[in-house]
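> Everything below, folded, please.
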Amino acid sequence: MNVLLINSPSRKGKGGMMLPLGLLYVAGIIEKCGFKTKILDPYLADVGENQADHDILADIVKAVEELKPAIIGYGGIATSYGMTKHLSQGIKGKYPDIFQIAGGALSSVYQLLLTRTGIDLVFHGETEVSLPLFLAQFASGRSYEAIPGISYRRQGEVMRNAPAPQIEELDSLPLPRYDLVNITSYLHDIEELIATYHLLTQNNPFFHDIIDRIGDDKYFMSLVTARGCTHKCLFCYRHFKGIRKHSVEYVIEHIKYLMNTYHIRGFQFVDELFNSDAEWVMGFCDALEREELDIYYLIGGARINKVNERMLRRLKETGCIEINYGHESGSDKVLREYRKGVSARQNREVTRLTMSLGLNCPVQLVIGAPGETTQTIYETVQFLQDTNAYIYSLNYLIPLPETPIWKYVEEKGLIKDVEHYLDQASEYGGTEPLVNLTARPDYEWRRWGNLIRKEMQLFCYKKTKSMTYLYNSWLYGLLGMVLYLAPKRTWKKMVPSFMRVWINRFFKI
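Below is the predicted model:
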C-alpha cells in the first residue's frame, strides 16, 4: 500500500516555502509501518513567483499514475485550506477510490475539510500513535473509527475522537526522512539574509565577525530540538501540550548527520521555544565545543524572560549569530492582552543586551490586538527607536481557527465567510489588515502599519542620514508640505488625527 504526501501551499508564490519537516517525520512513520511513500511539494514547481499559473493538480495526477497510492495525505497550516480543497476535490473527481487524509496545523479547520473538500479523515495533534493504528486498520479493511486523535464523517455528521497521547520521549523518534526530498531546494542563503543587515555595517561593530565566521558556507537549513512552548499567545495555534525537548546528545547526533550527509554547516532552530531550559542550553553549548563542531546557527524562537548575559555569551561563543524573541509589541497593555508573560521593559532591556553582545536580533511585531490604539502603536514605535531596531517585521494579527483569539472573533461575528477569509489570509498573510478586532474605526486601524513604517523611516534617516529610508516617503512629505503651508484651521478639519500627529512630528509644527 503506497502513500502520497503533499505539502499543501499556505501562500501564493514562494512566500510560504520551507522544509516540510512534519511530512518528513510522517514519512518515517509510514515507511516504518512497511508502506512506500513519496513527498510532492508544489512549492518546488519551476513556475517563478506565481503558482496560480501552474497546474499543481496535473503534477499530482502524474505522481498518482506513477505511485498508484491508496492514500493521499496533505500537510500544511490553516491557510493551506484553499489549496487543499482545490486539490482534494480534483483528486476525488478523478480517483474516487483514493482515501484522502490531512493533518498538522491544517487540522484546525477540520470541520471545513470534512464537509467542503475531498478529505475523508483528519489527524489531530501528533500522529506517532494514531497514524500506525490507522494504517494497520485501513490496510486490513477494518474500521478505524475507534482510533484516538482523528475526526471523520459518519452518516453526514462530523465526529471527533478523544486526543491521542503525546510522545513523551522525543529521542525515540527516528530522524526525518530527508532523503525523500531534494534538500538543496530548501537551503536558505545567508547572503540574502545579510543583505537585510546593511545598516549593521555602520551600526554594529560585530557585523564583520559574523561574516568571517560564516566564510564560504553560506547555506543553512531548518532543524528542531523541541516541541511545544511554555505559553500560548492570543494568536497562537498549537496542538501540543507543554514543551518537550530532545536530549542534547540526540541534537548533536542530528547535526553531525546533516553535516556529514549534506555538508551543511549552518542551522536555524525553528522550535517555538529554544531556551525553555537554561541548563539544556548551556549543556548544548558545552557539547558543541566538546565535539568541536564548527557551525553557525540562528535561533528562531526564544523567550525574553529566559535569557541572561551568561547564556547569550555562550551562545555567541559556540556559533550563534541571531536570536528571534517574538517581541510582538512595545506596549504593556498589548503584551498583557497577547498573554506574552513579559513586559515592554524586559523587551527593551534584553533586546539592547542581545544587540550589544553582537548577536543579530530582528524585532517581530504583531499589531491589531482588540485593545490596540494609536497610543499603543506609538509606544511600539518608541520601543523600536529605543532599541535602534533597524530590522523588524511587521504583521497585522491574523486570527485563525482554534487559536485563543478565534473565540472572540466568533462571539463578535467578525468573519462571516471563513472560507473566503482563509483565502485572503493565504493571499496576503499578515502584511495587509484583514479583520478589525479593535474598537477603533477602520480607517485608523488600517493605517497603523504605515504609521510605524513612516516613523521608523524618519528615525533611520536621522540616525544614518541615508535616503534609503525615505524612498517611500516622498508622497507623505509633499502632502505634509501642502498642509503645512495651508491655514491650520483648514487642514485640521481635513486630516485624520493620527496623520496630523505624524505630520506634526515630521515637520515639527
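
> Can you list the low-confidence ranges for the stretch 1-150 of the chain?
The stretch 1-150 of the chain contains residues with pLDDT under 70 at 13-15, 46-54.

> now with 50?
Along the stretch 1-150 of the chain, segments meeting pLDDT under 50 span 47-53.

> need the helices for it, in chain order.
Under the criterion DSSP state H, counting those that start in this stretch, the stretch 1-150 of the chain contains helices at 21-32, 56-67, 81-94, 110-116, 130-140.

> out of the ones you listed, nearest to Pro9?
Ranking the helices of the stretch 1-150 of the chain by their distance to Pro9 (criterion: Cβ to Cβ) puts helix 81-94 first, at 5.0 Å. The C-beta positions use only the backbone N, C-alpha and C, and glycine is treated the same way.

> coming back round to it: Gln155 is nearest to which of the helices of the stretch 1-150 of the chain?
Nearest of the helices of the stretch 1-150 of the chain to Gln155, taken as Cβ to Cβ: helix 110-116 at 12.7 Å.

> Let me have the helices of the stretch 1-150 of the chain in CSV, adding mean neighbour count as columns.
Below are the helices of the stretch 1-150 of the chain laid out as CSV (neighbours: other Cβ atoms under 10 Å):
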stretch, mean neighbour count
helix 21-32, 21
helix 56-67, 15
helix 81-94, 20
helix 110-116, 18
helix 130-140, 17
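
> Thr318: which of those helices is closest?
Minimum separation from Thr318 across those (Cβ to Cβ) falls at helix 21-32, 23.1 Å.

> Between helix 130-140 and that closest one, find me the angle.
40 degrees (axes from the mean of the first three to the mean of the last three Cα atoms, to 10 degrees).

> May I have helix 21-32 as PDB, with CA atoms only?
Extracted in PDB, the C-alpha atoms of helix 21-32 (Å, rounded to 0.1, in the frame of the first residue of the first chain):
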ATOM      1  CA  LEU A  21       9.700  18.700   8.500                       C
ATOM      2  CA  GLY A  22       6.200  17.500   9.600                       C
ATOM      3  CA  LEU A  23       5.800  15.400   6.500                       C
ATOM      4  CA  LEU A  24       9.400  14.100   6.700                       C
ATOM      5  CA  TYR A  25       8.600  12.800  10.200                       C
ATOM      6  CA  VAL A  26       5.200  11.300   8.900                       C
ATOM      7  CA  ALA A  27       7.000   9.600   6.000                       C
ATOM      8  CA  GLY A  28       9.300   7.900   8.500                       C
ATOM      9  CA  ILE A  29       6.300   6.600  10.400                       C
ATOM     10  CA  ILE A  30       4.600   5.300   7.200                       C
ATOM     11  CA  GLU A  31       7.800   3.500   6.000                       C
ATOM     12  CA  LYS A  32       8.300   2.100   9.400                       C
END
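
> What are the contacting residues of it?
3, 5, 7, 37, 39, 73, 75, 103-104, 127-128, 131-132, 135, 173-178, 180-181, 222, 224, 270 (Cβ atoms under 8 Å, 6 or more residues apart in numbering).

> among those, which ones are buried?
Neighbour counting by 16 or more other Cβ atoms under 10 Å classes 3, 5, 7, 37, 39, 73, 75, 103-104, 127-128, 131, 135, 173, 176-178, 180-181, 222, 224, 270 among these as buried.

> mind checking how far Gln268 is from Val342?
Between Gln268 and Val342 the distance is 23 Å, computed by Cβ to Cβ, to the nearest Å.

> meant to ask about Tyr95
Look at Tyr95 and Val342: by Cβ to Cβ, they are 50 Å apart.

> who has more neighbours, these two?
The residue with more neighbours, out of Tyr95 and Val342, is Val342; 21 against 18, by other Cβ atoms under 10 Å.

> In this structure the more buried one contacts Arg303, no?
Yes: assessed by Cβ atoms under 8 Å, Val342 is found in contact with Arg303 at 7.3 Å.

> Would you mind giving the domain segments of the chain?
Under the assignment automatic domain parsing, the domains of the chain span 2-160, 187-445.

> Between the two ends of the first one, what distance do you get?
It refers to domain 2-160. End-to-end distance of domain 2-160: 26 Å, with Cα to Cα, to the nearest Å as the criterion.

> same thing with the last one?
Using Cα to Cα, one end of domain 187-445 lies 37 Å from the other.

> Can you give me the buried ones in the longest helix along the chain?
Ordering each helix of the chain by length in residues (DSSP state H) puts helix 448-464 first. Buried residues in helix 448-464, defined by neighbour count with 16+ other Cβ under 10 Å: 448-449, 451-460.

> which of those has the weakest pLDDT?
Least confident by pLDDT among the buried residues of helix 448-464: that is Cys460, with 79.

> Which parts of the stretch 251-400 of the chain are helices?
Assignment of helices within the stretch 251-400 of the chain using DSSP H, counting those that start in this stretch yields the ranges 278-290, 309-317, 332-338, 344-356, 374-386.

> CSV for the ones you listed, including distance to Glu169 and mean pLDDT?
Below are these laid out as CSV (distance: least, Cβ to Cβ, whole Å; pLDDT from 0 to 100):
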stretch, distance to Glu169, mean pLDDT
helix 278-290, 15, 97
helix 309-317, 26, 96
helix 332-338, 32, 96
helix 344-356, 32, 95
helix 374-386, 41, 96
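
> per-residue pLDDT, Gly215?
Reading off the model, Gly215 has pLDDT 71.

> What of the one 10 residues further on?
In this model, Thr225 is scored at 95, pLDDT.

> Could you do the one 4 residues further on as well?
Confidence per residue is given as pLDDT, and for Cys229 that number is 90.

> separation between it and Leu23?
According to Cβ to Cβ, Cys229 stands 22 Å off from Leu23.

> do the same with Leu293
Per Cβ to Cβ, Leu293 is found 27 Å from Leu23.

> residues near Leu394, how many?
Per other Cβ under 10 Å, the neighbour tally for Leu394 reads 19.

> what's near enough to touch it?
365, 367, 431, 449, 452-453.

> what do you get for Glu317?
For Glu317, the contact set (Cβ under 8 Å, 6+ apart) comprises 285, 289.

> Quick check, Ser393 in contact with Pro362.
Yes: when contacts are counted by Cβ under 8 Å, Ser393 is listed as touching Pro362 (6.5 Å).

> Same drill for the two, tell me which one is more crowded.
Just comparing Ser393 and Pro362: by other Cβ under 10 Å the higher neighbour count belongs to Pro362, 19 against 12.

> any idea of the pLDDT on the nearest residue to Asn305 once chain neighbours are set aside?
Closest residue to Asn305 apart from its sequence neighbours, by Cβ to Cβ, 6 or more residues apart in numbering: Val342 at 5.1 Å. You'll see Val342 listed with a pLDDT of 95.

> Tell me the spacing between Val342 and Phe240.
Look at Val342 and Phe240: by Cβ to Cβ, they are 21 Å apart.

> again with Lys340
Distance check for Lys340 against Phe240: by Cβ to Cβ, it reads 19 Å.

> These two: which is more packed in?
Using other Cβ under 10 Å, the more surrounded residue of Lys340 and Phe240 is Lys340, with 24 against 16.

> Correct me if wrong: the more buried one contacts Glu328.
Yes: Lys340 is in contact with Glu328 according to Cβ under 8 Å; the separation is 6.1 Å.

> Quickly list what's touching both of these two.
Common neighbours of Lys340 and Glu328 are listed as Cys233 (criterion: Cβ under 8 Å, 6+ apart).
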